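Peer 1: based on what follows, work out the 3D shape:
(chains A, B, C, D and E, ligands or ions: 4)
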Amino acid sequence: SSDDDAGSGSGSSDVTIGIVELNLSNPFFGTLEKATEAAATAKGWKVMKSEAKVPGDSATQVTAIENMIARKVKAIVLDPANPTALVDVVKKARDKGILVVTVNATVTPVDAADATFATDNTAAGKLIGQWAKASAPPSPRIALLDFDLSDGPAGGRHNGFLEGFGITDKDPQIAGEALTKGTVETGQSAMENLLSAHPDINLVYTINEPVAHGAYTALKNKGLQGKATMVSVDGACSGVQDVKDGIIGATAMQFPSKMGELAVAAAAEYIANGTKPKPGLTDSGTVLITDKPVAGLTSQTSEWGLQNCWGEK
Amino acid sequence: MTETVVLRARGLTKHYGQVVALDDCDFDLRADEILAVIGDNGAGKSTLIKALTGAVVPDSGTISLKGEQVHFRSALDARRVGIETVYQELGVAPALDITQNLYLGREQRRKGLLGTVFRKLDKPAMRHGSARQMADLGIRIQSIRQKVETLSGGQRQAVAVARVAAWATSVVIMDEPTAALGVRETNQVLGLIERVRENGLPVVLISHNMPNVFQVADRIHIHRLGRRIALVDPRNTTMEEAVAVMTGAKSPESLHLEGGTA
Amino acid sequence: MTETVVLRARGLTKHYGQVVALDDCDFDLRADEILAVIGDNGAGKSTLIKALTGAVVPDSGTISLKGEQVHFRSALDARRVGIETVYQELGVAPALDITQNLYLGREQRRKGLLGTVFRKLDKPAMRHGSARQMADLGIRIQSIRQKVETLSGGQRQAVAVARVAAWATSVVIMDEPTAALGVRETNQVLGLIERVRENGLPVVLISHNMPNVFQVADRIHIHRLGRRIALVDPRNTTMEEAVAVMTGAKSPESLHLEGGTA
Amino acid sequence: MTNTADAALLEKEEDHGGPLRTFIGSQIAGPLAALILAIVVFGVTTSTFLNADNLSLIATQSVVVGTLALGQTLIILTAGIDLANGAIMVLAAVVIGKLATDGNALWALVVGTLVCLVMGGLNGVLISRFSLPPFIVTLGVLSVLTAAARLYTDSQSYPISSDLLTILNDGPTVGGISITYGVLLWIALTAVLGYALTQTAWGVRVYAVGDNRAAAALTGIKVRRVLLSVYLTAAVVYAFAAWQALGRTPTADPSGYSTANLDSITAVVIGGTSLFGGRGGVVGTFIGALIVTVLANGLTQAGIDSLYQQVATGILVVIAVAVDHFVRTRQTR
Amino acid sequence: MTNTADAALLEKEEDHGGPLRTFIGSQIAGPLAALILAIVVFGVTTSTFLNADNLSLIATQSVVVGTLALGQTLIILTAGIDLANGAIMVLAAVVIGKLATDGNALWALVVGTLVCLVMGGLNGVLISRFSLPPFIVTLGVLSVLTAAARLYTDSQSYPISSDLLTILNDGPTVGGISITYGVLLWIALTAVLGYALTQTAWGVRVYAVGDNRAAAALTGIKVRRVLLSVYLTAAVVYAFAAWQALGRTPTADPSGYSTANLDSITAVVIGGTSLFGGRGGVVGTFIGALIVTVLANGLTQAGIDSLYQQVATGILVVIAVAVDHFVRTRQTR
Ligand SMILES: Nc1ncnc2c1ncn2[C@@H]1O[C@H](COP(=O)(O)OP(=O)(O)OP(=O)(O)O)[C@@H](O)[C@H]1O
Ligand SMILES: Nc1ncnc2c1ncn2[C@@H]1O[C@H](COP(=O)(O)OP(=O)(O)OP(=O)(O)O)[C@@H](O)[C@H]1O
Ligand SMILES: [Mg+2]
Ligand SMILES: [Mg+2]
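Peer 2: Residues are numbered from 1 along each chain as shown, chains lettered A, B, ... in the order given. Ligands and ions are numbered 1, 2, ... in the order given. As a prediction, the model looks like this:
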């Protein structure tokens, strides 16, 4: 409570940075936040954290950034809940000399923030789309288990997948689509309902690995495990394990820790000598994880994946 | 004689599931009279009043006001043509204060711009008005700003009664208005009822208090098992006779009946 | 004489904000008597009853039952020692049916395993019991399964009264139990009150109906402005005198007072 | 005279109380009509909806929210509301899931039930003893528990492998329709609570407290004790819901079931229970939960786009209560 | 005699009705005590909380939920509830945002207001004319509107550049404290609605309908019309909230503000308005919204971790109503 005035000196002990996250109930965000925090505290900084209450909750993030400006932080690492809603408050922070870098998702225009470290979600979706196209059965019947498409990453993955597979939203090969909340249980219910209507589904795109896991339970309950190929995005250890167990055909791994570390490194550079990072998106990388590689697509095995995955093993 | 009938009903019937509350019931109210309605508990008196004033819609039967058939769909319809009613369940809003209840639906606005443009209530005037009305009924109230839910049973009833007297223009109906009132307060209400009639409005009074009924009524409608079984003149019927017919101990034929009976 | 006093209160006071509902009020109820409490509307009779039975906690004053001081924190405390009360606001649950209301808090269970292990209610027995109790009060009810909210005013009051008579073991208190009742039904309740006294329980009866009061009361507690101003014997006081004192038209000193007055 | 009046009254009763009549006059006629209407519509418009498989799926999909809604019904009957029941269930599920990974599944279930009881007891004490509004108390508890579940699991899900914990997802197949033990448990809980509400003194008191709390207190009911008992009973029901959830999605996921709370309230209200207390019952809620599932399932079967599904659900939910309202008005007229 | 009794009664009134006494006896004493307590606690435990900047920030942060909560108060006073107010606001905001990109901002605002009116009118008609339960009607509308906003925008957000649309985020600086027009608008709306509720016939009728709908109908109040007017008035308030939201987060985002609805109900309840209708008011709600913001802001200033913040918020919200409850019980005794 006496640590508030970080204003003048640049000794590392009175540097505070802000971390503004999405809602952390998914381990992805936890990993990202922890990596950021660990990197910051390793530099002897204090951190102030806040998170959106639910996906898309930009209002809470605006409030959090305002509070951080009031507390005179030096830098803010932001995982924006919405591409445009935060632009003004980010500008306000930057006008006060605070470095703002976004992680995981971008703001629009992308140079509204000082830099962005994120997965290129469209590329990630494209990777699994291409893999699916190459490994798909002759007459694919596709189920799309999505997440609210107004969410930037979710939309990117969805479009990337379709592009990689070479189809559009209206393609007759798509048997059905359902919105999930990105959780196991909503993935399961959505898959159950789609399977009731279309028992011939043989290819399942999932927004993330928990949804894939739920969809697998639905298939298993119907005795259809192994009859449908599943693709997903994330690269959490539990997801990679599912790849290894043959539950998920292929997943696109992201690197949340790397995003956080890159962001803190950029902040350190700025705090130390005022150098701003390279503006625009820095891709933190995507790796296709599958045990059934296809020609023309670079991929890693689940063994590799388990060594490089995030979250609890 | 027929032309003096203000409110008339024929063949009113109301079932609630298996319960028969009104069973082919007739009703007549003449101009300038106080008509008492008496009957056992559960005889259907309140249901009759509700049917007459639109608070319930009867299954069948007709109602006419001043010779014209009417179809009230709600209590508001009846109030629009000047029928004011005190219902037995006292239509008061417990969380509002005495004044707000007394003026509910007829609030007074300030004079001038404040009233016409800003629709501001004239609270002082209404507070004075309600204090006067309560005093007229002989009701002692400690604070005119009390919420109705904090009033004593009798005070609350007085609020419901005072509402009605103030606004009626064609008929006043009171369903057991003095049940919770003290001796003095009851007399004030009976006086009020007589004043209303003197002002030219007919009154329907439901009461279980026979001395009160015989004191003020011009005619008595005896209700039993959902219908009017007799219509008598208190001047040539005794209290004992009326009660005996009302409770079924005596047949209605034994009475000197008034015109228009069943 | 003091040893026959069952329920006694001294100096009860209760303020609600600026409103004084009880003002240093005394109360005495003897064993074996019917004590009537009369007073104007808003005099504080109901508040007195509530204070005596734990439904409100007085600001100051003492209450003793059979010589021992008691501190009721809730209506339940009073009921536990056998004081049964009909409150003026009728403590009935509108969405429950007649039987459920009559047996609320004292439900009967089936005999045998069904009752002891499965805690199954004996609905037929309770239904019979409640039909009998309503009939005892002379109340005509069309269906014993009616929800209380669908009953007529008098029927509803009868439900509240019937509850009490059935369960009291030390004192019965009734706050205007006949207000909504018809002539015949009122007589039944008065009969009930006398039977209760014959069974050895004292009864407190609040009523605005003077003939009723003078018909059954052994003593009359006259309440005015929050306190007992007189305690009289109906055998040597006239109705007119009592009313005059009650309304303040006459001073209490002019009466033949009973022991224990203020 | 007494005896004849008495006898006549009761006889009259039995006269009119034919079973059909009683049924139509009952609380559940409205929700049931809405459910049947929905089933007929989807049965006609889609070819897959009425499959045996799909019907048993609907039952299975209803159990978690359906069980939660049973507990919610008890609380709403007392004129309360529980915004935390989903969070209580999720916390119990993750506690069970985490304990079971390195321990005994039975023991984990016991601890999970204790977690529910402590949380239900906390709600109950704050609401009954301190007379605080249930809306705020349970909102506060919701906020605390959501965070607690994440702190406890570090946002990690735990896959469930114990047979005991997933047994509710198994079950016999009768005439081609597979019925899970979870569905049977849900039916059994509905029956037991229905019995307790309608056939025991406790039930009458629960209704009385919700209907008119002041009157209940005046008639000598121990209102606080009844309220506390309701929150504790609901807590036990939530523990069953947690077990159901582990069976259905064999993963203890701290971020799962985030809409279960609102869904449970919706099931209660569609089932004809009044948010103002004192009116309704668990059988209506059972049907209400089925209605909610039938809508989601049927719209997917009908191949409606997910966003349009949401539109349709909104409209259909309103139609469902409108049907209920219509049936009810008919029967009281 | 009449006149003297009359005069005595009124005189007595004025005797006791000193302004302090009136204030302490008023509805808002409880919430205000809770707010002051919270401010004192955070003021003492953190050094930044009481900064002029931070205080004006708190006001600014309260406006969107605070404005929504004003409309919500009207509806809750009639014993209703509006689960859709956040969704109505968001739909209006995206309509305004989208129209403003290729047109006139003023015109967009008008159309946005119309959207609110149509949606409020829909709720109002279903609830008043068909007597359907507000919980379900607004839940249905919520579901429809959430999808509608996505469909309309194709799940895109629209950045707002028009000055008219973001003007509420600007404002004068008075004595070092910057006050946005949005805050002034919020205060003005509270004043206008407070006036309408307490000083006009309409207000008395709103309370009467919520307090005892049946009695209100019997006394000849046009209950349906009052209900409809309440939903329409609330809709206009929601349109202002949409404008506020565009100022605060200058983006029309179909997935934003998804917790605004629950937050608005929380503000109403913390502000002392009863969910059962007929008791409460907008000034309490104003304070309630501030309490919610103060808690979030203060906990951040105190440097508490976001997860523990959630725990603390849950506990503090319960304490806030406990304080309210305590003050209220004292005053009625
Ligand atoms: N909504 C209802 N549902 C079912 N039965 C009803 C309903 N309303 C009234 N009844 C029944 O109709 C009959 C007549 O009731 P009503 O209230 O008209 O009697 P009343 O003559 O006014 O009696 P009281 O003198 O006790 O007020 C009663 O048996 C009552 O139980
Ligand atoms: N909760 C309360 N708040 C404020 N004033 C109250 C409250 N309860 C009662 N009073 C007031 O206390 C006084 C006594 O009320 P009480 O109900 O005891 O009168 P009563 O003698 O029973 O009258 P009645 O014959 O009309 O039933 C009345 O002036 C009443 O307005
Ligand atoms: Mg009646
Ligand atoms: Mg009284």
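
Peer 1: B:I220: which element?
Peer 2: If you go by DSSP states H and E, B:I220 is part of strand B:219-224.

Peer 1: can you name the element that comes right after that strand?
Peer 2: strand B:227-232.

Peer 1: partners of the most centrally placed residue in chain B in the sheet?
Peer 2: Taking CA atoms, centre = their mean, the centroid of chain B lies closest to B:M174, which sits 1.7 Å from it. Counting by DSSP bridges, B:M174 is bridged to B:V86, B:L205.

Peer 1: what of B:G39?
Peer 2: Beta bridges link B:G39 to B:H223, judged by DSSP bridges.

Peer 1: which residues does it contact?
Peer 2: The contact partners of B:G39, by CB atoms under 8 Å, 6 or more residues apart in numbering or on different chains, come to B:K45, B:I222, B:H223, B:R224, B:M246, C:G182. C-beta coordinates here come from the backbone N, C-alpha and C atoms, glycine included.

Peer 1: one more time with 10 Å, if that's ok
Peer 2: By CB atoms under 10 Å, 6 or more residues apart in numbering or on different chains, the residues touching B:G39 are B:45-46, B:48, B:206, B:208, B:221-229, B:245-247, C:154, C:182.

Peer 1: with A:Y216 instead?
Peer 2: Here A:Y216 is in contact with A:184, A:187-188, A:191, A:204, A:206, A:224-225, A:228, A:230, A:242, A:245-248 (CB under 10 Å, 6+ apart).

Peer 1: what count of nearby residues applies to residue 194?
Peer 2: Because you didn't say which chain, this covers chain A. 25 (other CB atoms under 10 Å in any protein chain shown).

Peer 1: try chain B instead
Peer 2: Burial of B:E194, expressed as a neighbour count using other CB under 10 Å, amounts to 14.

Peer 1: so how far is D:L106 from it?
Peer 2: Applying CB to CB, to the nearest Å, the value for B:E194 to D:L106 is 82 Å.

Peer 1: ditto for D:V94
Peer 2: 17 Å.

Peer 1: with neighbour numbers in mind, choose between the two.
Peer 2: D:V94 (28 against 12).

Peer 1: show me the strands in the stretch 151-300 of chain A, by range?
Peer 2: A:174-180, A:203-206, A:229-234, A:250-253, A:281-283, A:287-290 (DSSP state E, counting those that start in this stretch).

Peer 1: now do chain D
Peer 2: Under the criterion DSSP state E, strands of chain D are mapped to D:158-159, D:173-174, D:177-178, D:251-252.

Peer 1: what residue in the stretch 51-200 of chain B comes nearest to ligand 3?
Peer 2: Here the residue of the stretch 51-200 of chain B nearest ligand 3 is B:Q88; by CB to the ion that distance is 4.5 Å.

Peer 1: list the contacts of that residue.
Peer 2: B:45-46, B:49-50, B:160, B:174-177, B:179, B:206, C:152-154, C:156, C:180.

Peer 1: how about D:L117?
Peer 2: Contacts of D:L117 (CB under 10 Å, 6+ apart): D:I88, D:A92, D:G124, D:Y231, D:L232, D:T233, D:A235, D:V236, D:Y238, D:A239.

Peer 1: among the residues you listed, which two are most distant?
Peer 2: Spanning the widest gap among the contacts of D:L117 are D:A92 and D:G124, at 16.3 Å by CB to CB.

Peer 1: of the two, who's got more company?
Peer 2: D:A92 (32 against 26).

Peer 1: is it true that the more buried one touches D:A252?
Peer 2: Yes. Using CB atoms under 10 Å, D:A92 is in contact with D:A252, at 9.3 Å.

Peer 1: mutual contacts of these two, please.
Peer 2: Jointly contacting D:A92 and D:A252 under the rule CB under 10 Å, 6+ apart are D:A108, D:G112, D:A149, D:A242, D:A245, D:L246.

Peer 1: closest to ligand 3 out of the residues you listed?
Peer 2: D:A242 (52.1 Å).

Peer 1: quick one: low-confidence residue ranges for the stretch 1-150 of chain D.
Peer 2: D:1-26 (pLDDT under 70).

Peer 1: helices along that one, start to end?
Peer 2: Ranges of helices in the stretch 1-150 of chain D, per DSSP state H, counting those that start in this stretch, are D:2-16, D:19-24, D:29-45, D:52-77, D:85-101, D:105-128, D:134-153.

Peer 1: show me what the third one packs onto, helices and strands only.
Peer 2: Pointing back at helix D:29-45 there. Helix D:29-45 is packed against helix D:52-77, helix D:260-270, helix D:282-301, helix D:306-332, with contacts defined by 3 or more CB pairs under 10 Å, 6 or more residues apart in numbering or on different chains; DSSP states H and E.

Peer 1: among those helices, which comes closest to A:A295?
Peer 2: helix D:306-332 (34.5 Å).

Peer 1: quick check, whatever helix or strand B:L35 lives in touching ligand 1?
Peer 2: Taking DSSP H and E as the criterion, B:L35 maps to strand B:34-39. Yes. Interface with ligand 1: strand B:34-39 contributes B:G39 (CB under 6 Å from any ligand atom).

Peer 1: tell me what angle that strand forms with strand B:219-224.
Peer 2: Angle of strand B:34-39 versus strand B:219-224, following axes from the mean of the first three to the mean of the last three CA atoms, to 10 degrees, is 20 degrees.

Peer 1: point out where the stretch 151-300 of chain A drops to low pLDDT.
Peer 2: Along the stretch 151-300 of chain A, no part satisfies pLDDT under 70.
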